[in-house]
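Enquirer: fold the following.
(2 chains)
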Amino acid sequence: MFEITKLIDVSKCTGCRGCQVACKQWNQLPAKQTLNRGTYQNPPDLEPNTWTMVMFQEASDETGALKWLFRKTGCMHCTDASCVKVCPSGALYYTNLGTVALNRERCVGCKECVSACPFEIPKYDGAADKVAKCDLCLSRIERDMTPACVKACPTGALQFGDKETMLQTAYRRAQELGGNASVYGDKFVKGTHVLYVLQEKSAIYAGLPLKPTVPLAIIVWKDLLKPLSLIAGGSMLAGTFLHYILRGPKTSDEDSDTNKREGGA
Amino acid sequence: MQKGLIKVTDPVERLIHWGLAVSCLILIVTGMGMMFRSFNFIATILGGLKHLIYVHNFTGLAFTAALVFTILKWWKEAGVFAPEDVEWLKAAGGYLWHTDQVPEAGRYNPGQKVFFITVSTCGVIMVITGLIMWFPLSFPVWLVRWMYPLHALWFITIMAFFIIHFYLGTGGSPGSSAAMFTGWVTKDWLRKQHGKWLKEIEKKNKLEILGGGKD
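Expert: Numbers count the residues shown, from 1 in each chain, chains lettered A, B, ... in the order given. Down below sits the predicted model:
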């Protein structure tokens, strides 16, 4: 099956938050009362009931005039996903479209994915004792529909299609924009299934890691210590057994007189 | 029980020992059920992975309590090496290769001391890392991430020592398990395992013999 990708062209985003609302509507995520914190960005960050949102960032252009940077954030759908790597229950899994989906039924609320994700995407829902995150509208894309956010986007900032086409589109668009524009996503974690076309240098965007990777601690844990624990446990069991049959148990003098044991101490 | 057996442990010691041992075993089994998806079936017995986590976490608290008692009870006897312990360790207690002379051990042989020190330090690390993993959202992400490999690393160590300890307490040294079940062992066994200690208590006239009172 072919892999799909969502492309976020931040240069075309007007911060209308249509995607944010459409996501809530399709996934039936009721809004929560929030406080005015002096910014249009609302809620402050992703939440168990907000799987995607527009980040509002104020920057200045060459002349020093105010310039808005809008960036839709949400799950990046990594090919090498830390969350899938750590999930003990298999609740987080790769779909055959390349995305990372979440089976809430199986989630046990261990929060390991919350710590593991280099993008800090999964959010823990205390009331349900489960995590929540974007599944790229699996219920829609499985039926050949575009994700709700893409469907709602009025400016064409969000596009959706097969991976190769989206990559080509992204690089063409970055070239078209020129300057500091770049494509973000395909070079990390074996390629994400959400791509950004960033108009400014990627370092300027708040909350966007420069070099997201599967954390070293997670690699040491899952790829090194986990197999090592089986090897160690197995060799210990084998070792004690071999000790018993080759060297023999430690017996006291009287025992060994009556019960001579070849090689016994 | 036959007459002439010698008392080597008191009930409090045996209770602490088994509190630590049983909780440790439950933690090992449930922890494996969590770490390996192929061992998830362990969770099925308990009614699902969520219950397994509850069992693991609360057993961890019991383990913590047992660990505190363990350290308080034994650190003086088993946590401090004596100068003559070096010889015993060089000979590996006579367990691994042939040695003509293995120094006689006191109440705890240096191998047991190594075991005690390892389990105590590993145990403390397991409790700390485990608690942070239990409430990961209350700690910085970089810290929480390293708790998982640390917990796994010391799990490996504890499990390895657990297996050796189990072997040496049963088949590897016949007669030993009685010390932790009834508390009464044969004089022969005591001479073999803790000869120095036997001489000490004989000298102090503190030998407690079954059926014979203090001799």
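Enquirer: just give the number of residues close to the residue nearest to residue A:212 when sequence neighbours are not counted.
Expert: Counting by Cβ to Cβ, 6 or more residues apart in numbering or on different chains, the nearest residue to residue A:212 once its immediate chain neighbours are dropped is residue A:118, at 3.9 Å. Every residue, glycine included, has its C-beta placed from N, CA and C. For residue A:118, the count of nearby residues is 20 (other Cβ atoms under 10 Å in any protein chain shown).
Enquirer: doesn't residue A:218 make contact with residue A:118?
Expert: No: taking contacts as Cβ atoms under 8 Å, residue A:118 lies outside contact range of residue A:218: 9.3 Å.
Enquirer: intersection of neighbour lists for those two?
Expert: residue A:82 (Cβ atoms under 8 Å, 6 or more residues apart in numbering or on different chains).
Enquirer: which phi and psi does the spatially closest residue to residue A:5 that is not a sequence neighbour have?
Expert: Ranked by Cβ to Cβ, 6+ apart and with sequence neighbours excluded, the top spatial neighbour of residue A:5 is residue A:166, at 3.9 Å. Here is the backbone geometry of residue A:166 (degrees, to the nearest 10): phi -70, psi -40.
Enquirer: so who does residue A:166 touch?
Expert: Contacts of residue A:166 by Cβ under 8 Å, 6+ apart are A:5, A:6, A:7, A:159, A:160, A:195.
Enquirer: got a winner among those for most neighbours?
Expert: residue A:6 (29 neighbours).
Enquirer: state the number of residues packed around residue B:109.
Expert: Around residue B:109 there are 24 residues (other Cβ under 10 Å).
Enquirer: what sits against it?
Expert: B:88, B:93, B:193, B:194.
Enquirer: show me the shaky parts of the chain.
Expert: This is for chain A. Scanning chain A for pLDDT under 70 picks out A:1, A:252-265.
Enquirer: let's do chain B instead
Expert: B:213-215.
Enquirer: how about the strands in it?
Expert: Along chain B, counting by DSSP state E, strands occupy B:6-7, B:184-185, B:208-209, B:213-214.
Enquirer: the longest helix seen in chain A: which residues count as buried?
Expert: Looking across chain A with DSSP state H, the single longest helix is helix A:226-242. By neighbour count on 16 or more other Cβ atoms under 10 Å in any protein chain shown, the buried set for helix A:226-242 is A:226, A:229, A:232, A:233, A:236, A:240.
Enquirer: pretty sure the fifth one is touching residue B:160, no?
Expert: Yes: with contact defined as Cβ under 8 Å, residue A:236 counts as touching residue B:160 (4.9 Å).
Enquirer: show me the common contact partners of the two, please.
Expert: By Cβ under 8 Å, 6+ apart, no residue touches both residue A:236 and residue B:160.
Enquirer: the nearest residue to residue A:24 once chain neighbours are set aside: neighbouring residues, count only.
Expert: Leaving aside its sequence neighbours, residue A:24 sits nearest to residue A:31 (Cβ to Cβ, 6+ apart; 6.4 Å). By other Cβ under 10 Å, 13 other residues sit near residue A:31.
Enquirer: and residue A:31, its phi and psi?
Expert: Per degrees, to the nearest 10, the backbone of residue A:31 is at phi -80, psi 160.
Enquirer: can you pull the contacts of residue A:111?
Expert: A:124, A:131, B:136, B:137.
Enquirer: ok so, going back, name the nearest of the contacts of residue B:109 relative to residue A:152.
Expert: residue B:93 (72.9 Å; Cβ to Cβ).
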